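1. Structure, please.
(one chain, ligands or ions: 2)
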Amino acid sequence: MNAVDASEHYEIGTNNELAPSLLTIVLDTNPHAWALLEESLPFSKAVANILVFINAHLACNYANEVAVVASHSQRAAWLYPSHSQQNGGRDSTDADGDIEMNGRLDDGTTNARSIDHANKYRPFRIVEDQVTCNLQELLAATSISDVSSTTSTMMAGALTLALSHINRQMISWSDAHGGSELDTSTATATGNLLPGAATSAASTAASTSAGLRSRILIISVSSSTNSAHQYIPIMNSIFACQRLHIPIDVCKLSGDAVFLQQASDATRGVYMSLAEPRGLLQYLMMAFLPDQRSRRHLVLPSRVDVDFRAACFCHRRVVNIGFVCSICLSIFCESPENGDCLTCGTHLELSDYGARPAVVRRKKKKKARVNGASAAATPTPTATPGP
Ligand SMILES: [Zn+2]
Ligand SMILES: [Zn+2]
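-> Residues are numbered from 1 along each chain as shown. Ligands and ions are numbered 1, 2, ... in the order given. Presented below is the predicted three-dimensional model:
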């Protein structure tokens with residue numbers, strides 16, 4: 001009879017094309033952190049490296065897409081595609097709405113740069129022009145007071161922008177190509193937030209077999225401790241990515257990254273903290289270029305010692321041990337006033353928390369020794385702190 005063909009097939013739907021992959025880069029443009037990196041990796045060089053990496057991603061598949069969000073000190077902004085203005089790049093239009101040919105500028109002189117770019121692959125040129133143009137605008141719009149008022153970065157806002165863009169692209173892709181959104185919805189419906197071995201294989205297959213595959217790459221330079229006040233929105237973004245099977249890759253150039261380690265761990269992305277920031281391009285090309293489909297065949301750099309600390313909801317401090325509301329799971333560094341949860345308002349029974357423990361004398365037991373081994377190995381139960 002017909003032999004069953006168990007080999008893997010990459011065909012999708014009606015056509016035999018590979019599903020494209022959408023790479024969303026969140027670039028941390030925090031001026032404080034980049035100033036500290038100036039010696040080893042100037043910002044301009046980092047941007048040039050990232051543009052090469054973007055070109056490599058676009059070259060993998062003609063339908064591959066890219067998006068770049070800047071996580072600045074005051075706000076998160078789009079670098080590519082430009083959402084603020086329709087023609088963010090150099091394709092400036094004249095009064096009739098036509099695009100200027102041959103790079104002629106307003107004063108009639110020829111734009112030498114456009115001629116240089118004449119032979120460049122068009123998608124490369126558009127991304128490069130828009131990213132550099134928008135980045136210059138963003139930096140020019142940053143005032144001294146903006147920089148001096150905060151040292152953190154708007155990571156939560158940037159992640160939210162990235163997620164909303166991915167969601168829109170996924171919907172429009174499945175509208176155009178049909179049927180692929182089912183895979184995501186069924187995988188989500190099972191609610192396998194922390195999938196086991198069997199379910200994870202199934203969900204990975206579902207998310208990679210069809211549909212637009214998306215991933216987020218965060219190029220981070222800021223410390224997370226400064227952005228502890230964004231703990232809740234960052235964690236919400238992470239959980240959204242986990243549900244949508246969007247891996248968050250983190251390329252850490254400097255600073256500590258408590259929440260970003262959790263982000264890549266929860267979404268099964270790649271986390272790399274670069275010992276040598278000068279080698280950014282090499283790390284990007286080797287560790288972050290493969291998409292979800294290729295990653296199934298690779299041994300990825302993974303992290304074992306993930307920092308799972310959380311920030312308390314009352315002061316946004318990063319805490320090792322805290323109180324957790326039994327209703328809404330909010331975390332507090334100290335017992336809330338009157339025992340009322342600050343998030344949901346539930347009155348929490350703290351019973352006699354904080355009271356001095358009554359010291360009871362332990363009865364002396366005869367030490368029973370079996371074959372020389374101590375039998376007093378039973379751990380004494382310790383009281384869990386509060387509700
Ligand atoms: Zn607190
Ligand atoms: Zn609560």
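
2. Could you report the distance from the residue nearest the centre of the chain to P277?
-> By Cα atoms, centre = their mean, the mean C-alpha position of the chain lies nearest to I248, the distance being 4.0 Å. Separation of I248 from P277 (Cβ to Cβ, to the nearest Å) stands at 20 Å. Just so you know, the C-beta spots here come from the backbone N, C-alpha and C atoms, and that holds for glycine as well.

3. What pLDDT does the model give the residue nearest to the centre of the chain?
-> We have a pLDDT of 93 for I248.

4. same thing with the one 5 residues further on?
-> Reading off the per-residue confidence, L253 sits at a pLDDT of 90.

5. can you count the residues close to it?
-> When neighbours are defined as other Cβ atoms under 10 Å, L253 has 23 of them.

6. quick revisit: tell me the bridge partners for the residue nearest to the centre of the chain.
-> As for beta bridges, I248 partners with I216 under DSSP bridges.

7. ok, now which ones touch it?
-> 215-218, 238, 241, 260, 263-264, 267, 269 (Cβ atoms under 8 Å, 6 or more residues apart in numbering).

8. Which residue ranges of the stretch 1-150 of the chain form strands?
-> Secondary structure of the stretch 1-150 of the chain by DSSP state E, counting those that start in this stretch: the strands cover 21-28, 65-71, 76-80.

9. Alongside ligand 2, which residues does the stretch 251-387 of the chain contribute?
-> 325, 327-328, 330, 341, 343-344, 346 (Cβ under 5 Å from the ion).

10. which residues of this protein fall in helices?
-> 31-37, 43-60, 112-116, 122-140, 144-149, 155-177, 181-189, 197-209, 231-244, 258-267, 280-283, 292-295 (DSSP state H).

11. right, so of the ones you listed, which gets closest to R362?
-> Among the helices of the chain, helix 258-267 comes nearest to R362, with 40.1 Å by Cβ to Cβ.

12. packing partners for the closest one?
-> Packing partners of helix 258-267 (3 or more Cβ pairs under 8 Å, 6 or more residues apart in numbering; DSSP states H and E): strand 213-220, helix 231-244, strand 248-252, strand 271-273.

13. before we move on, back to that, columns pLDDT, distance to E39 and neighbour count on top of the contacts of I248, output as a markdown table?
-> Putting the contacts of I248 into a markdown table (pLDDT from 0 to 100; distance: Cβ to Cβ, whole Å; neighbours: other Cβ atoms under 10 Å) gives the following:
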| residue | pLDDT | distance to E39 | neighbour count |
| --- | --- | --- | --- |
| R215 | 93 | 31 | 24 |
| I216 | 94 | 29 | 27 |
| L217 | 95 | 24 | 26 |
| I218 | 94 | 23 | 26 |
| I238 | 92 | 32 | 21 |
| C241 | 92 | 34 | 24 |
| L260 | 86 | 23 | 29 |
| A263 | 88 | 28 | 28 |
| S264 | 88 | 27 | 26 |
| T267 | 90 | 32 | 23 |
| G269 | 90 | 29 | 24 |
